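Colleague: Have a look; sequence and predicted model below, questions after that.
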Amino acid sequence: MKYLVYLEPQPEGGYTVTVPALPGCISEGETKEEALENVKDAIEGYIHVLKKHGGD
């Protein structure tokens, strides 16, 4: 499944990625590429927790 993500540069450096469809699913990275890779793990973890606790 694919999710829309927002990639935001941070004033202190690095990037923050949020996933609007998954409230609270946020990741970071020093580069755009790292942030986007990290958010993949965050999405997988988020979905795992939802399934474990009976979410859809």
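Modeller: Arrived safely.

Colleague: ok, residue 43 - how many residues close by?
Modeller: A count of nearby residues for residue 43, using other Cβ atoms under 10 Å, gives 20. In this view, the C-beta of every residue, glycine as well, is placed from N, C-alpha and C.

Colleague: which residues sit against the helix or strand encompassing it?
Modeller: Secondary structure assigned from DSSP states H and E places residue 43 in helix 32-52. Residues outside helix 32-52 that contact it (Cβ atoms under 8 Å, 6 or more residues apart in numbering): 3, 5, 7, 14-17, 19, 22, 24-29, 55-56.

Colleague: same thing but 6 Å
Modeller: 5, 15, 17, 22, 25, 27, 28, 29 (Cβ atoms under 6 Å, 6 or more residues apart in numbering).

Colleague: what's around the third one, how many residues?
Modeller: Yep, that's residue 17 we're talking about. What residue 17 shows, counting by other Cβ under 10 Å, is a neighbour count of 23.

Colleague: How about the contacts made by it?
Modeller: Per Cβ under 6 Å, 6+ apart, neighbours of residue 17: 5, 7, 27, 35, 39.

Colleague: Now do the SS call for the third one.
Modeller: Looking back up the chat, that one is residue 27. Following DSSP: H, G, I helix; E, B strand; the rest coil, we place residue 27 in the strand state.
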